[in-house]
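Enquirer: quick check, what structure comes out for this input:
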Amino acid sequence: MKAQHFREMSPDEREHRLDEMKKHLFDLRSQAVTEKLENSKSVTNAKRDIARLKTVMHETQNK
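Expert: Purely as a prediction, here's the structure:
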């Protein structure tokens, strides 16, 4: 997802989305350990999306 999409969300939506993304990352890591993960790049993409969301959340807190 793009950072602009996160900026358009409300703070409550961002919190909810962050929780969902963390759960998804946990599931991806579990699949990677059990060798059921088809695309190893998806773990990296999930981490980057979480970082983007946290950056946007931090930007809005400091304004």
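
Enquirer: any stretches of the chain with poor pLDDT?
Expert: Filtered on pLDDT under 70, the chain yields no residues whatsoever.

Enquirer: let's see 80
Expert: Applying pLDDT under 80 to the chain flags residues 1, 63.

Enquirer: how about the strands in it?
Expert: Counting by DSSP state E, the chain has no strands at all.

Enquirer: which one's the longest helix in it?
Expert: helix 11-33 (DSSP state H).

Enquirer: now it: buried residues?
Expert: Buried residues in helix 11-33, counted by 16 or more other C-beta atoms under 10 Å: Arg14, Arg17, Leu18, Met21, Leu25, Leu28, Gln31. Where you see a C-beta, it was placed from the backbone N, CA and C, and this is true even at glycine.

Enquirer: among the residues you listed, which one lies nearest to Ser42?
Expert: Among the buried residues of helix 11-33, Leu28 lies closest to Ser42 (C-beta to C-beta), at 5.7 Å.

Enquirer: correct me if wrong: that closest one contacts Ala46.
Expert: Yes: in this structure, Leu28 is within contact of Ala46 by C-beta atoms under 8 Å, at 5.7 Å.

Enquirer: what residue is smack in the middle of the protein?
Expert: Ile50 (2.9 Å; C-alpha atoms, centre = their mean).
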